[in-house]
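Participant: Requesting a structural model of the entry that follows:
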Amino acid sequence: MREKVYEPYEVIETCLLAGKIMLQSGAETYRVEDTMIRIAASYGINQAHSYVTPTGILFSIDGVEPTKLVRILERSTDLQKVTQVNGISRTISSGVLSPNEAIQKLKEVEREPHAYPVWIQIIAAAISSGCFMLMFKGDWTDFVPACIAGGAGFTCLLYFNHLLKVKFFAEFSASLVIGLVSLLFVTLDVGKELDKIIIGSVMPLVPGLLITNAIRDLMAGHLVSGISKGAEAFLTAFAIGSGIATVLSLF
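Facilitator: From the prediction side, this is the model:
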């Protein structure tokens, strides 16, 4: 137990900021709740309660302090930030950081840009598209078309997601571009197997982390978060399928 007693509102702000960063960066629900409870316990508050959903965090402690809510409007995948917050949480548990110092470190993590710049993300998506195409027993002659289609689709996803702020339309537009580019390559006899090119190119759009987190949350007993993440993953899959189906039905 710490000798120094900290103000409850400082502890609450620290816990909420840590949970917010983790949830926005793609952490599982149970991991977010566990981290917040551990931070509170490290500051001498053993009766803390957290309730986390994909769109919000509720946190309270026994006493006169009111329950606080943080809304989560944007979510992405940045596991480096999740690791950094976990590191700060361990440092807090060791008794090194005060709440104010922890908040400053957490704000630095929150302000950090994405782990990789956009151009690296696009190149990685393009190369992985070609590799996925090969994994699905595609021909080496379709490697470059798959890379270009996958890179173009991922670029479209990032652009429309930034422009529209509506994930469904961004994913639908990205899959539409992938279908059009793949069809163009096959029409020009640059590519051979349309289905393999399309399958490899859409793989960077597939919500693998969402599906994994949904299953893990359901297994951990977080039914609301698990079902909602599963629904979000289904909506993403539906958007991808709709974009490809639109191209194939029109051409």
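Participant: Every contact and neighbour count from this point should use C-alpha atoms.
Facilitator: Noted.
Participant: For Lys165, report the pLDDT, please.
Facilitator: pLDDT for Lys165: 78.
Participant: neighbours around it, how many?
Facilitator: By the measure other CA atoms under 10 Å, the count of residues near Lys165 is 12.
Participant: So what does it look like in phi/psi?
Facilitator: Per-residue torsions, Lys165: phi 60, psi 20 (degrees, to the nearest 10).
Participant: Could you report the neighbour count for Val70?
Facilitator: Using other CA under 10 Å, the number of residues around Val70 comes to 15.
Participant: which ones are touching it?
Facilitator: When the contact criterion is CA atoms under 8 Å, 6 or more residues apart in numbering, the partners of Val70 are Leu16, Lys20, Gly56, Ile57, Leu58.
Participant: cutoff 7 Å now
Facilitator: Residues near Val70 by CA atoms under 7 Å, 6 or more residues apart in numbering: Gly56, Ile57, Leu58.
Participant: same question, Val177
Facilitator: Residues in contact with Val177, defined by CA under 7 Å, 6+ apart, are Gly153.
Participant: Helix or strand next in line after the helix or strand hosting it, which one?
Facilitator: Per DSSP states H and E, Val177 falls inside helix 167-187. Beyond helix 167-187 on the C-terminal side, the first helix or strand identified by DSSP H and E is helix 194-202.
Participant: quick revisit: so which of the contacts of Val70 would you say is closest to Val32?
Facilitator: Nearest to Val32 among the contacts of Val70: Ile57, at 9.4 Å, using CA to CA.
Participant: How about the secondary structure of the closest one?
Facilitator: Secondary structure, DSSP: H, G, I helix; E, B strand; the rest coil: Ile57 is strand.
Participant: Need the three-state assignment for the residue lying closest to it once chain neighbours are set aside.
Facilitator: Closest residue in space to Ile57, ignoring its immediate chain neighbours: Val70 at 5.1 Å, by CA to CA, 6 or more residues apart in numbering. Following three-state DSSP, Val70 is assigned to strand.
Participant: still on that earlier bit, filter the contacts of Val70 down to just the buried residues.
Facilitator: Neighbour counting over the contacts of Val70 (16 or more other CA atoms under 10 Å) leaves Ile57, Leu58 as the buried ones.
Participant: Buried residues, the helix or strand of the chain with the lowest mean pLDDT. List them.
Facilitator: Least confident helix or strand of the chain, by mean pLDDT, DSSP states H and E, is helix 208-219 with a mean of 88. The neighbour-count criterion (16+ other CA under 10 Å) identifies Leu210, Ile211, Asn213, Ala214, Ile215, Arg216, Asp217, Leu218 as the buried residues of helix 208-219.
Participant: In which helix or strand does the closest residue to the fourth one other than its chain neighbours reside?
Facilitator: Counting by CA to CA, 6+ apart, the nearest residue to Ala214 once its immediate chain neighbours are dropped is Gly226, at 4.2 Å. Applying DSSP H and E as the criterion places Gly226 in helix 223-250.
Participant: before we move on, what about Val52?
Facilitator: Here Val52 is covered by strand 48-53, with elements defined by DSSP H and E.
Participant: Let's see that strand as CSV, backbone CA atoms only.
Facilitator: This file holds the C-alpha atoms of strand 48-53, laid out as CSV (Å, rounded to 0.1, in the frame of the first residue of the first chain):
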residue,chain,number,x,y,z
ALA,A,48,-13.3,0.5,-8.5
HIS,A,49,-15.8,-0.5,-11.2
SER,A,50,-15.4,-0.2,-15.0
TYR,A,51,-17.8,-1.0,-17.8
VAL,A,52,-16.4,-1.0,-21.3
THR,A,53,-18.2,-1.2,-24.7
